[in-house]
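1. predicted model and sequence below, questions to follow.
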Amino acid sequence: MSPAFAVFEPYSDAEAVWDYLEGRFGMARSAFQGYRLWQRGRGKTVWILPEPVEPPADLKVEWAGLPVMRQPLPRGFPTNAFLRRFGDRATRNVFDVDWETALGLMYDHQIEAEALEAKGGPYVIRSSVSPLGRGWVRKGRLLLETPKGWAAQLLPPAELSELSPDSG
Amino acid sequence: MEHLRRYQCLVDDLAAFLEAAAAPLPKVVWANSVRTGEDRVAEILARRCPQARRLPYLDGAWRIPPGAGRAGKWPEFALGLIHTQEEVSLWPVRILDPRPGEAVLDLCAAPGSKTARIVVAMGDGGSVLANDKKWPRLQGIQDIVARMGLTSVLACHGDGAQLPGTARFDRVLVDAPCTGEGTTRKSEGGNRAQYRHNDHAKMQAIQKGLLRRAVELVRPGGLVVYATCTYAPEENEGVLDGVYPEKAAIEPIELPEGITVAGGVPEWGDQRFRPDVTNAIRFWPHHNDTGGFFVARLRRL
Ligand SMILES: C[S@@+](CC[C@H](N)C(=O)[O-])C[C@H]1O[C@@H](n2cnc3c(N)ncnc32)[C@H](O)[C@@H]1O
C-alpha cells in the first residue's frame, strides 16, 4: 500500500545539480561527498541531507535538511541558506568583500561598485567573517539578496560597537 | 511569585528562591561550530559584548549579563554563526549527550533551539527528527535551521504521543509542554501566572502520553531525556512515576563541579513515587543564577 502522503526520494536529477554547482561556482563534486540530494513527491525544492540519512516513509516529513534550490534547473539557483553554509567552497563567481562592505550589504542590500564588469548572477558574496549569501549584479551595483525584514531585525548601525574584524 | 510558595518544603532557601525567581535573567550566546570556530565567536563577543563570560562547563557558550547586548540582533546572529538561549536550556541537551552519526528524536521541538543545539553537538552528521504538535510552529524550527545552515534536521508535526514509527532512535528528547513556572525571570514574558492544581493534572496527562511514546520509540540501550521548565512534582516526578518503570530506568546524572542541583523528590503530598525518581535533577534559580528546570535521564532496558 502506498502512503497517503508524498515521501522523500533521492533526487533524480542530482547529477545536473552537482554539475551546475561545479560549473557555476567551481564547487568540486568531491566537496559534497557524504551528502545526497532529495525531493518530496513532485515538490520543486531540492534538499541536501548528510549520508546515510534517509527520510522515513512511515510518517509525513514536512521538510528534510537544507533547501539547495527552490525550483529545478535550468531556472533554479541556490538558496541563500545553502550558499551561506557551503559558499566557502566556491572558487568562481565569488565576491569577497571586507566587513564594512559586508555590513553595507546587510543593512542596505546593495553597494555601488564602479567598474563592476560582472553581470547577472547568481554570485556568492563572502566576507572574512562568513559567506553572506546570494548576490546579483544590476546596473553596475552589487546586490545581496537578504531575507524580507532582515535589516529591521538588526541592531541599528549606530548601536553596533564596530571594530573591523579585518583590521584587528 | 506568591504561587511559588507551594514549593516551600522542596526548596532549601525559600527567600533566596523567590528573590532569584523575580530577577532578570542572563542569556547565553553559543557558537555554531558547524559554521565557525569558537575562537572566532570569542572575537565577536569581545567586540560586541566585553562583559560576556565563557562558561567552562558548556561547549562554546558564553554568559551575557541581563541587558548587556542584544545578541539576537547582531549581524553575526543573522548570518547564523551564533545562537542565543537561556543557560538552563542547554542542560537537557548536554545530558542527552547526542553523538555524531546517531538518530535523535526531538518530540516537542518548536521553536527549535534545542534541536539546533543537538545538531551542532553532533557536528551536523546524523539525523534529528524534530516534531511539534502545532504545524505553524515548525516554521520557527525551519528559520533557525536555515539561518544556521544545518543539514541534518527532518521536521514533522503531530501529537507526539501518537508519533508513528518503530523503536529506531538512539536518543529521544521530550522537552514537554508544561506550566512554565521556571520561566518567571524571562523579560519577554515568562510565565508568572498562578496555576490551579487542576492545570498540573491536565498537563500531567499530556506529559505522560509523550514520555510513554518516547520510551517506545527509543532502541534498547538508548536514552530518553525528559525535561520541563516547571517545578511542580505533578509534572515531573509524577509523570516519571507512571511510565514504564519496567522498560526504562532513571539514571543518575553526572554534572561538573560548580553546578548545584537538587535531586528528584521521593514523595509529594500523599503520593510516593518510584524510587529512581531521586536520580532526576531540579535546577532552582538561586543555585546557578538560571531559570528553573527539571531533567530526568532514562535508559531503555
Ligand atoms: C517547552 S516547548 C519546546 C521548546 C523547544 N524544545 C526548544 O528548545 O526550542 C513545548 C512544545 O511542545 C509542543 N507540544 C504541545 N503538546 C504537544 C504534543 N502533544 N505533541 C508534541 N508537541 C507538543 C508545543 O507546541 C511547544 O512547542
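-> Ah, there it is. Fair warning: this is a prediction, and the values are worked out from it, not measured in the lab.
2. using the record's assignment, carve chain B into domains.
-> Following automatic domain parsing, chain B resolves into domains at B:2-24+B:87-300, B:26-85.
3. would you mind listing what in chain B touches the ligand?
-> By Cβ under 6 Å from any ligand atom, the residues of chain B that approach the ligand are B:89, B:107-114, B:131-134, B:137, B:159-161, B:175, B:177, B:206, B:210. Quick note: C-beta positions are derived from backbone N, CA and C, even for glycine.
4. now do 8 Å
-> B:85, B:89, B:106-115, B:117, B:131-134, B:137, B:140-141, B:158-161, B:163, B:173, B:175-178, B:180, B:206, B:209-210, B:228-229 (Cβ under 8 Å from any ligand atom).
5. can I assume residue A:151 is in contact with residue A:110?
-> No: Residue A:151 is beyond contact range of residue A:110, at 11.6 Å (criterion: Cβ atoms under 8 Å).
6. where does chain A dip in pLDDT?
-> Low-confidence segments of chain A (pLDDT under 70): A:1-2, A:112-116, A:162-168.
7. would you put the C-alpha positions of the lengthiest helix in it in CSV?
-> With DSSP state H applied, the helix covering the greatest number of residues in chain A is identified as helix A:14-25. C-alpha atoms of helix A:14-25 as CSV (Å, rounded to 0.1, in the frame of the first residue of the first chain):
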residue,chain,number,x,y,z
ALA,A,14,21.1,15.1,-8.8
GLU,A,15,24.0,14.9,-11.3
ALA,A,16,22.7,18.0,-13.0
VAL,A,17,22.8,19.9,-9.7
TRP,A,18,26.3,18.8,-8.8
ASP,A,19,27.4,19.7,-12.4
TYR,A,20,25.8,23.1,-12.1
LEU,A,21,27.5,23.9,-8.7
GLU,A,22,30.8,22.9,-10.2
GLY,A,23,30.3,24.8,-13.4
ARG,A,24,28.9,28.0,-11.9
PHE,A,25,30.8,28.2,-8.6
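8. give me the contact list for the helix or strand just after it.
-> Per DSSP states H and E, the first helix or strand lying C-terminal to helix A:14-25 is strand A:35-40. With contacts defined as Cβ atoms under 8 Å, 6 or more residues apart in numbering or on different chains, strand A:35-40 is touched by A:6-12, A:14, A:17, A:45-51, A:55, A:61, A:63-65, A:68, B:151.
9. what's the angle from strand A:35-40 to helix A:14-25?
-> Going by axes from the mean of the first three to the mean of the last three Cα atoms, to 10 degrees, strand A:35-40 is angled at 120 degrees with respect to helix A:14-25.
10. beyond strand A:35-40, next helix or strand please.
-> That would be, after strand A:35-40 and using DSSP H and E, strand A:46-50.
11. now do that following strand against strand A:35-40, angle only.
-> Orientation check (the same axes, to 10 degrees): strand A:46-50 against strand A:35-40 gives 140 degrees.
12. one step back: is the longest helix of chain A positioned near chain B?
-> No: taking Cβ under 8 Å from any Cβ of the partner chain as the criterion, helix A:14-25 and chain B are apart, separated by no less than 14.6 Å.
13. what kind of secondary structure is the residue of chain A at minimum distance from chain B in?
-> With Cβ to the nearest Cβ as the measure, residue A:85 is the residue of chain A nearest to chain B, at 3.2 Å. Classification of residue A:85 using DSSP: H, G, I helix; E, B strand; the rest coil returns helix.
14. dump the residue contacts of it.
-> Here residue A:85 is in contact with A:66, A:131, B:34, B:35, B:80, B:149, B:150, B:151 (Cβ under 8 Å, 6+ apart).
15. from residue B:210, how far off is the third one?
-> If I follow you right, that is residue B:34. Residue B:34 sits 28 Å away from residue B:210, going by Cβ to Cβ, to the nearest Å.
16. those two: who's more crowded?
-> Neighbours were tallied for residue B:34 and for residue B:210 using other Cβ atoms under 10 Å in any protein chain shown; the higher tally belongs to residue B:210 (24 against 20).
17. for that one, give me phi and psi.
-> Phi and psi for residue B:210, reported as degrees, to the nearest 10, are phi -70, psi -50.
18. skipping adjacent residues, who's closest to it in space?
-> Among residues not flanking residue B:210 along the chain, residue B:160 sits closest, at 4.8 Å (Cβ to Cβ, 6 or more residues apart in numbering or on different chains).
19. please apply the same query to residue B:69.
-> residue B:49 (3.6 Å).
20. and for residue B:227?
-> residue B:92 (4.0 Å).
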